[in-house]
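Engineer: build me a model:
(one chain, ligands or ions: 1)
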Amino acid sequence: MKKTVSFLVSGRGSNFHAVAKAIMKGTIPAKMGVVISDTEGVRALDIAQELSIPSFFINPKQYKSRQEHEKAMVQLLGEYNTDVVVTAGYMRLLTPYFVHEFKNKIINIHPALLPAFPGTHAQRQALEYGVKISGCTTHFIDEGTDSGPIILQKAVPVYDDDTEDTLSARILKEEHQLLIESVRLFCKDKIVIKGRKVYIVR
Ligand code: GAR
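Structural biologist: The predicted structure follows:
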């Protein structure tokens, strides 16, 4: 049975776009679910519309609490029979309630080699720290910030003349490949989680 993949997004949506194209081409054996944005009018929603993927803006400001907002998202994800949620540039922390609803079924892409530089502006943090290598990480979301079991990582060099933009662009190219591969492995049941370790079944 093919799994159904849904997305949480907040902005540009290039990671969502890359994975959606891979699903549509059959590179990832999965069905498309729904795209939910916490921000109105973003490029990710336009891309979903262009690809005829159901998409919704769920306004966090319309809810009393973060959990109420997440309840609305969980309901919508359920209506689209979601098996796995991909947070693709979703800039809001998920509460333990949401994490529990999709335990070990939320895949996040982060633009640094975790556990280095969690949180926002990871590329800027890496530059300011002066690391010579950075990269990207896919991981399952747990109750912490970018702290869940790591699925895959890819390193890229950091150059002396890098700016946040040049480093981000170098990392982003790898993010797309890493996220596609991670979702593909998950959808093919090739991922086993033991404690905080992820094993890839070859
Ligand atoms: C990506 O670089 C992603 O790794 C990052 O936001 C960007 C979204 O781009 N996510 C985080 O920093 C989460 N902490 P996209 O909307 O084009 O995929």
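Engineer: so what's the residue count around the residue nearest to residue 106 when sequence neighbours are not counted?
Structural biologist: Nearest residue to residue 106 in three dimensions, chain neighbours excluded: residue 141, at 4.1 Å (C-beta to C-beta, 6 or more residues apart in numbering). For the C-beta atoms, the positions are set from N, CA and C on the backbone; glycine is no exception. Using other C-beta atoms under 10 Å, residue 141 has 24 neighbouring residues.
Engineer: pLDDT value on residue 141, please?
Structural biologist: The model reports residue 141 with a pLDDT of 98.
Engineer: show me what the helix or strand hosting residue 99 packs onto, helices and strands only.
Structural biologist: Using DSSP states H and E, residue 99 sits within helix 96-101. Counting contacts by 3 or more C-beta pairs under 8 Å, 6 or more residues apart in numbering; DSSP states H and E, helix 96-101 packs against helix 66-79.
Engineer: OK, contacts around the nearest residue to residue 145 once chain neighbours are set aside?
Structural biologist: Closest residue in space to residue 145, ignoring its immediate chain neighbours: residue 118 at 5.2 Å, by C-beta to C-beta, 6+ apart. Going by C-beta atoms under 8 Å, 6 or more residues apart in numbering, residue 118 touches 110, 112, 145-147.
Engineer: likewise for residue 175?
Structural biologist: Residue 175 neighbours (C-beta under 8 Å, 6+ apart): 15, 109, 111, 136.
Engineer: which helix or strand contains it?
Structural biologist: helix 164-187.
Engineer: quick one: contacts of the next helix or strand after that helix?
Structural biologist: On the C-terminal side of helix 164-187, the closest following helix or strand by DSSP H and E is strand 191-194. With contact meaning C-beta under 8 Å, 6+ apart, strand 191-194 is reached by 104, 140, 149, 151, 185, 198-201.
Engineer: among these, which lie within strands?
Structural biologist: 140, 151, 198-200 (DSSP state E).
Engineer: list the contacts for the residue in the chain positioned nearest to the ligand?
Structural biologist: Of all residues in the chain, the one sitting closest to the ligand is residue 89 (2.7 Å; C-beta to the nearest ligand atom). Neighbour list for residue 89: 9-16, 44, 109 [criterion: C-beta under 8 Å, 6+ apart].
Engineer: ok, which of those also contact the ligand?
Structural biologist: Contacts with the ligand within the contacts of residue 89, counted by C-beta under 6 Å from any ligand atom: 11-15, 109.
Engineer: of the residues you listed, grab the buried ones for PyMOL.
Structural biologist: To isolate the buried subset of the ones next to the ligand among the contacts of residue 89 in PyMOL, counting by 16 or more other C-beta atoms under 10 Å, use the following:
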select buried, resi 11+13+14+15+109
